[in-house]
Structures are given as structure tokens and as C-alpha cells.
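> My questions are about this predicted structure, shown below with the sequence.
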Amino acid sequence: MFRTLILACALIGTAFAGDPSTLVLDGSTTVGPIAKAFAEYYMQNNPDVSITVSESGSGNGAKSIVNGTCDIANMSRFMKPEEFKAAADAGKMPVAHVIAMDGIAMIVHPGNPVKELPVEKIRDIYMGTISNWKDLGGPNKKIIVVSRDTNSGTYETFETLVMNKQKMAESVEYVGSNGAVRQRIQSTDAAIGYVGLGFVDNTVKAVTVNGIAATPQTVASGTYPIARPLFMFTDGYPKLGSHLHAFVTLYLSAKGQEIIESIGFVPVTAY
Amino acid sequence: MKLATRRVLDRSFSGLGFFSIGIMAASLVVMLAPMFVRGLDAFVFKATVEHRRLMLERLGRGNRDATSGEVTRAASARQPVYDMITRFKTEINDYSADQRRIYRGAVRDLESLVRELLGPFPGEAQPVLIRQQFGQTRWDRAQAKIREILYVESYDYSDPTKMGVRIETPRVEAFRGTSLEALFPYIEAHAEEMLRPRTTVYWRFLFDGSMDAHFFGGIWPEVLGTFYLTFGAMIFAVPMGIIAAIYLVEYARDTWLIQLLRTCISSLAGVPSIVFGLFGLAFFINTLHVSESKSVLAGSITLAVLVLPTVIRASEEAIRAVPLTYREAALSLGAGKWHTIVSVILPAALPGILTSIVISMGRAAGETAPIIFTAAVSVGKPLKLWETASQPTPALPWNIYNLATEHEAVDEIRHIQFGMVLTLVVLVLLLNVTAIVLRARVSKKLRG
């Protein structure tokens, strides 16, 4: 009886597996808020479409698109050559859609008097050569350095734009999501970390980098030094007229732009 | 040993027993009490008029006339706020350029806070995100917002040897001598009229879907997903587990191979659950392709593998505990081995087997790691039964973690997170109570 039930479920499942009205999104926790808001908006206007969003890191997004287990991979970095190769070997052709721009804000506890950090100093902090806030004009406290895990696109961007091929110190704490970094910083007065622009709120303080504050304006104008595009990757360019196509081009519409702006990221379009 | 010594030893031992039970009970209270109190807050809370407007506009619930009457009354209480801000904005045109710039910035901050408290200003275009279409739906959140409006939080960095000290200055200081000065006492005094808080039982929290990534609404997709995953895991684990247990007790000879097998099962029970999760992703999804993406099916099978050792070991013990005389009696009456197992041994072992099943159900319901890569997503619709074979689902344990760490507005939606925690704890508690009741029932029936 049970077996037949499972079999029946499986059969119906396979019959529905090709159903185009489901979209599966996987990947970056930075793109997560945008993806969730897009999904909500899209499902409101298309009630027959079912969209699921997981936030497991850009690296997982890339793996999912290679394995064919998602329709859209949210990524906060571009695909790496080896990921492209793995995708091509698996017969997949990743196409990048740049949906928004993002700055990586350096955040500290609001009680921390340090207001300004040049990129070189940030690198020194993460390499461990500067380990006390007093060297940066702050109180005599050991710096607690928080980083994203290596699966994260934010980590990759930070590594490229700030670390300049230098290795992070062993004492660096690795955390699994933007939200977790923010929580660590807001509860630890001597900590420093980095998060996407949309995750900065009044419980933490974003320091200026090279004298430039992390705001949508400085990111859009390219003056903020640690900025990057956010991507959605699909396997090939989606078929015109499909839900997939409508979804990954949502960022081009005025509503899409408004959503991205109100979450705190920087739209690529300007209406 | 002297009698007195023995008595002292006895006493101290039972004292130790009482002590440890006391510690256990205390820790249970310390752990569960906040969960219940804060979790109930998701179901019973002081809801503002914005909550009722949300229910009416998005879900068509509530009394239309009463609610729109309330909205009108709230709007008339809010009007002075908007009037004062508009008047002030025209007033600053007369100031010097420097002052104007400072006041513009200050009033922009104030406006966005008022927008967060009361929703969009009258006449403003409807924002796309639902979270911005409504003001604070909960009185506790609204009060926190009002505090933010009344006081500016800043830090005093005057002592360079220490971390800055948090200070709150009344926001009204920034507007001293202007017409906006009157706004702050007005908001403080008329907050209740503007938001009309009323204690509300939102029992549909359990049965509503999430709205705008858990900002509003309930947790039905998560609850349903947890049910699917748990029962799915049982569908796979129970038949396999019981058959394996029967084989191990009744058929297997005591060879080294069987010994090895037993050891393997025991060590499988000790494998960290995240390993099962990664195994499920690598094997069921990427190798066997049980589904195109993560799915309830893949998650259920992974959870089944996780609880299988528990089911096997407990069922094995239950079957082994059936007295040998039962078997002998059945065989002497001419029953075959198969017949004996099905009609005599299994019924007698049923209480033990049932307990093992229900306890592993509790385990499957609460596990997070195995479903991260195989089944769970942050947001999704409630699934229909046939969709479970191909689609992933939100599930309570994973979404609690997601809301606690990854969500972009953790502090604003704590109540939803605690509501989920309460629901999960009650679910597991109910399962365990069912196990106890079932066990008692069945053994009573068996005793005749």
C-alpha cells in the first residue's frame, strides 16, 4: 500500500517535473533579499507560478547550475573558470544577468570610535598585522576579525578587491551569512566585518573606506572602492516569453528597480 | 559495612538523584519557558490598525465597515503629523542656505521613520514591497519605532581609551524653535489614537502563508513542509527498519558478517547529521537524480537514512523482548516461521516498535542539517501532495535558522522566528505524548 503510494507520487512527480511554472533559485545570501522580494512580487502577479529561494552561498549556486538542480543561480561574484569548465562539461551554458550593483560595507560596532579605514589598513587587519584598535586610533582592544566563509561570493570579492592575494590570518572567524556577520558585529564591540550594502542598518556602523562612505550613490558612481555587480545565472538565455525570462528581466522594469532600491542595493537601471 | 554508613550512603545517593532531577527540571523550565512565552507572542499580541488593514486588504478578512471606520479615525489622528511636516517643509524655505540643508536632512530622516511607523504618507504612490505599504502591525514594534522617532541614538567618543558610550538625545533638540517642535509631544501623546492597538488572537498564524519574505503572515508552508518531510521519512524508514530488524533477530545467524553489519548500524547512528545532508545531495540528487532540484522526496529519503539505525535498533530490541515461549507455542500449534512472525511476534513487539517510530519522527521533524542541501528553501509556497516529488519546501527547523541568521531584518521579525520555535517544540512534544499514549494503549490491549 505504502509502496504503491510512493510509486504513484513519484509517477505524478515525474509527470510534473517538466512543469515550467516552477522556478528554483539557489545561491548567494547577498542576492537573497532581492530574489525573495522578486519572487514575492512575481508570484503576486502570476499566482500559478511557484518560486522557491534558498540562500546557501554563491559557490553552491554555481554548483547547482552545473548539476542542473536550479533554474537560477544567484551569485554575488562572477563564475570562476573552473566552474565554467564544469558547466560546459555538463552541457550547461551559464549566462550572466547583472541584476544590481552592491558595495561591500566594512562594519564595526556603533560604539567603536574609528570612522575611517583605508583599504591597506583593512588588509592589514585581515592579515593580522594590525591586531589592536589602538593602532587605528581606537581604544586598547584586540580586534575580532569576522569574515564570510570561503563559499561566499562576498568573500571572493573581498579577497580580490581588498586582500590583493594576501592570506587572511588564522585567527579570522568565518561566518555563514551576511546576517550572521551583522549579528556578530552588533553584539561584539571590538569586532569588524563586511556585508553587502542591503544588510547595513542602524545596529552597526559602516566606516568610510579611503574616505568614501558606502552608499548607493558612491557605489553607482564607482567611487566606493569595494563594489561589485550581483548576478543571476541561467543555463543559456531563457526562452522568450517564459516565466524564467520574465523573472530574470524583472530588474529592468521600473518596479524591479524600486524593489532593489528599497532593499538597499543599487539598481543598474535609472528611471 | 555498618548499618549507619549504609544508611548515610543510601540517603546521599537518593539525595543526588533528587538533585539531578531538580537540575533537569530547572533547565527544562529555563529553556522552555521563554520559548513558550515569546512564541505565544506570535499568536496573541497587541495588533495595531495596520494589522487589521493588512488582513482586510491582502486577505479580505475582518469586518470591512468596522476596519475602514477605524482606518478613518486613525487617519484623522495622523493628519496633524503630516500637516506639521508639510508646514515645516515650506517654512524652511525662508531659512538661510546652510540651515536649510541641515533641516532638510533632519526632516528626511524623520519622514522615513514616520513612514516606517505609519505607512506611506497620504497621496504617496503605493510602494511595491508589502513591508512598505503598511506601518507597524504590532504595538511592541510600533513602540520601539516611536522611541526611535523621539530619541536620536548616538555614541559619545570623548574618552579615546574606551569604546563609545551610547547616549540618547531627544530628536526634538534638532528642531528647537521651529514649528516642528510640537510634533514630538503630539506623537507621544496620540500614539494610541494613531495606531489603535488592541489585543488580537492571530491563530491563523499557523495556517497563513508568509507575506513578503516573512515580514508579515504566517508559517503554514513551513509547518506543512515539516509534516511532509517527517511522514515521508517514515514511509521509507519504517518498513525498511522493521524488516531489517526482523531479519537480524529471527533469521540472521551469529556470523562475523552479521556482527559487522550490527556494528555498522550502530556507527551509522553516530554519524553527524550534516554528513547525511551532504550524502543526500551527492547521492540522491546529483547521482540518482531522484528529482530535478532539491525536493521533499530527496529530503525524506535522506532523513529516512538518518533515522533508520534508531528504528532498526529499537525494533530489534522490541522483537527480542518477546518471550521465547510465544514462539514455541506458535510453532507447536503448527504455524510456520513467517506466520509466527506476522501473527504472534510482531503484535507482541508492537508497543516497542511504535515507540521507536514516534521518537524517530520527533527526530526527523527537528533535524536541520540533512535538509539544508536536500529539501529546504527560505521561501516557497505550500506544496500540494504530488508536488513533493519534485519541489523543495520551507521547513520549520531550517527556517528558524534562516530567520535567526540570514534574514535581512532579523530584529523586526523575531516574533515570527519564536512562533516557529514554539510550533516545532509543540509538534515534537505532541509526537512524544502520542508515543506514550499509544504505547500504553497497545500494551494494555495485548495484556487483555
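Now that the structure is in, tell me what you want to look at.

> pLDDT of stretch B:302-322, averaged?
Mean pLDDT, stretch B:302-322: 93.

> Show me which residues of that stretch are buried.
B:302-316, B:318-319, B:322 (16 or more other Cβ atoms under 10 Å in any protein chain shown). Quick note: C-beta positions are derived from backbone N, CA and C, even for glycine.

> Can you flag which of these belong to helices?
B:302-316, B:318-319 (DSSP state H).

> got the contact list for A:Val31?
Shown in contact with A:Val31 (Cβ atoms under 8 Å, 6 or more residues apart in numbering or on different chains): A:74-76, A:99-100, A:230-232.

> Could you break chain B into its assigned domains?
Chain B is divided into the following domains under automatic domain parsing: B:53-200, B:220-447.

> Let me know which of the ones you listed is tucked in deepest.
Among those, judged by mean count of other Cβ atoms under 10 Å in any protein chain shown, the one packed with the most neighbours on average is domain B:220-447 (a mean of 20).

> Any part of that one near chain A?
Yes: interface with chain A: domain B:220-447 contributes B:235-236, B:239, B:285-286, B:291-295, B:297, B:372-373, B:376-381, B:385-394, B:402, B:405-411 (Cβ under 8 Å from any Cβ of the partner chain).

> rewinding a little: out of the contacts of A:Val31, which two sit at the greatest distance?
For the contacts of A:Val31, the farthest-apart pair by Cβ to Cβ is A:Met75 and A:Ala100; their separation is 12.0 Å.

> tell me the helices in the stretch 101-250 of chain A, going along the chain?
Counting by DSSP state H, counting those that start in this stretch, the stretch 101-250 of chain A has helices at residues A:119-127, A:153-158, A:178-187, A:216-221, A:243-248.

> do you know which of these lies nearest chain B?
For the helices of the stretch 101-250 of chain A, the distance to chain B is smallest for helix A:178-187, at 4.4 Å, taking Cβ to the nearest Cβ.

> Pull out the buried positions in the closest one.
Within helix A:178-187, the residues that count as buried by 16+ other Cβ under 10 Å are A:178-186.

> Contacts made by it with the rest, please.
Counting by Cβ under 8 Å, 6+ apart, A:29-30, A:107-109, A:146, A:148, A:154, A:173, A:175, A:191-196, A:199-201, A:203-204, B:405-408, B:410 sit against helix A:178-187.

> Report the residue spans of the stretch 51-200 of chain A with pLDDT below the cut-off.
Across the stretch 51-200 of chain A, nothing is flagged by pLDDT under 70.

> Any residues of it in contact with chain B? List them.
Contact residues (Cβ under 8 Å from any Cβ) of the stretch 51-200 of chain A with chain B: A:51-56, A:60, A:64, A:67-71, A:109-113, A:137-141, A:176-180, A:182-183, A:189-190, A:198-199.

> Can you pull the phi and psi angles for the residue nearest to B:Arg171 when sequence neighbours are not counted?
Using Cβ to Cβ, 6 or more residues apart in numbering or on different chains and skipping the chain neighbours, the partner closest in space to B:Arg171 is B:Val152 (5.0 Å). In terms of degrees, to the nearest 10, the main-chain angles of B:Val152 are phi -90, psi 130.

> Touching, B:Lys145 and B:Val114? I think so.
No: between B:Lys145 and B:Val114 there is no contact under Cβ atoms under 8 Å: 9.0 Å.

> helix/strand/coil for residue 91?
You didn't pick a chain, so chain A it is. Look at A:Gly91: counting by DSSP: H, G, I helix; E, B strand; the rest coil, its state is coil.

> Please identify which helix or strand holds B:Leu110.
helix B:97-118 (DSSP states H and E).

> Centre of the chain to that helix, how far?
Helix B:97-118 sits 38 Å away from the centroid of its parent chain (Cα atoms, centre = their mean, to the nearest Å).

> what packs against that helix?
Judged by 3 or more Cβ pairs under 8 Å, 6 or more residues apart in numbering or on different chains; DSSP states H and E, the packing partners of helix B:97-118 are helix B:64-91, helix B:139-150, helix B:183-195.

> what about 10 Å?
Secondary-structure packing of helix B:97-118 (3 or more Cβ pairs under 10 Å, 6 or more residues apart in numbering or on different chains; DSSP states H and E): helix B:49-59, helix B:64-91, helix B:130-133, helix B:139-150, helix B:183-195.

> closest to chain A out of those?
Nearest of these (Cβ to the nearest Cβ): helix B:130-133, 6.2 Å.

> sorry, back to before: format the helices of the stretch 101-250 of chain A as a markdown table; extra columns: distance to B:Gly17.
Supplementary listing: those in a markdown table, determined by distance: least, Cβ to Cβ, whole Å:
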| stretch | distance to B:Gly17 |
| --- | --- |
| helix A:119-127 | 53 |
| helix A:153-158 | 51 |
| helix A:178-187 | 39 |
| helix A:216-221 | 63 |
| helix A:243-248 | 62 |
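
> Could you pull out the strands in the stretch 301-448 of chain B for me?
In the stretch 301-448 of chain B, no segments count as strands under DSSP state E, counting those that start in this stretch.

> what touches both of A:Met75 and A:Ala100?
Common contacts of A:Met75 and A:Ala100 (Cβ atoms under 10 Å, 6 or more residues apart in numbering or on different chains): A:30-31, A:229-232.

> so of those residues, which ones are in strands?
Assigned to strands by DSSP state E, the following of these qualify: A:229-232.

> Would you mind listing the buried residues in the strand ranked longest in chain A?
What stands out as the longest strand in chain A, according to DSSP E, is strand A:94-108. Within strand A:94-108, the residues scored as buried using 16+ other Cβ under 10 Å are A:94, A:97, A:99-108.

> Closest to B:Ala252 out of these?
The closest of those, once distances to B:Ala252 are taken by Cβ to Cβ, is A:Pro94, at 50.9 Å.

> Grab the nearest non-local neighbour of that closest one.
Sequence neighbours aside, A:Phe233 is the residue nearest to A:Pro94 in space, at 4.7 Å (criterion: Cβ to Cβ, 6+ apart).

> Could you pull up the mean pLDDT of stretch B:384-397?
Mean per-residue pLDDT for stretch B:384-397: 92.

> From the opening residue of it to its closing one, how far?
20 Å (Cα to Cα, to the nearest Å).

> Kindly report the same for stretch B:266-283.
Using Cα to Cα, the two ends of stretch B:266-283 sit 21 Å apart.

> Could you do stretch B:39-53 as well?
Terminal residues of stretch B:39-53 are spaced 24 Å apart (Cα to Cα).

> buried stuff in it?
Using 16+ other Cβ under 10 Å as the test for burial, stretch B:39-53 gives B:39, B:41-43, B:45-53.

> from those residues, which single one is nearest A:His245?
Among these, and counting by Cβ to Cβ, the member closest to A:His245 is B:Arg53, at 35.3 Å.

> picking that back up, would you mind putting the ones in strands among the shared contacts of A:Met75 and A:Ala100 into JSON lines with distance to chain B and pLDDT alongside?
Formatted as JSON lines, these follow (distance: Cβ to the nearest Cβ, whole Å; pLDDT from 0 to 100):
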{"residue": "A:Pro229", "distance to chain B": "19", "pLDDT": "95"}
{"residue": "A:Leu230", "distance to chain B": "14", "pLDDT": "95"}
{"residue": "A:Phe231", "distance to chain B": "18", "pLDDT": "96"}
{"residue": "A:Met232", "distance to chain B": "16", "pLDDT": "96"}
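
> Can you classify B:Thr200 as helix, strand or coil?
Under three-state DSSP, B:Thr200 comes out as strand.

> Tell me the confidence at it?
pLDDT, B:Thr200: 94.

> if we can go back for a sec, B:Gln417: which of the helices and strands packed on helix B:97-118 is closest?
Using Cβ to Cβ, those put helix B:139-150 closest to B:Gln417, at 13.7 Å.

> check whether the closest one contacts chain A.
Yes: contact between helix B:139-150 and chain A, assessed by Cβ under 10 Å from any Cβ of the partner chain, occurs at B:Glu148.
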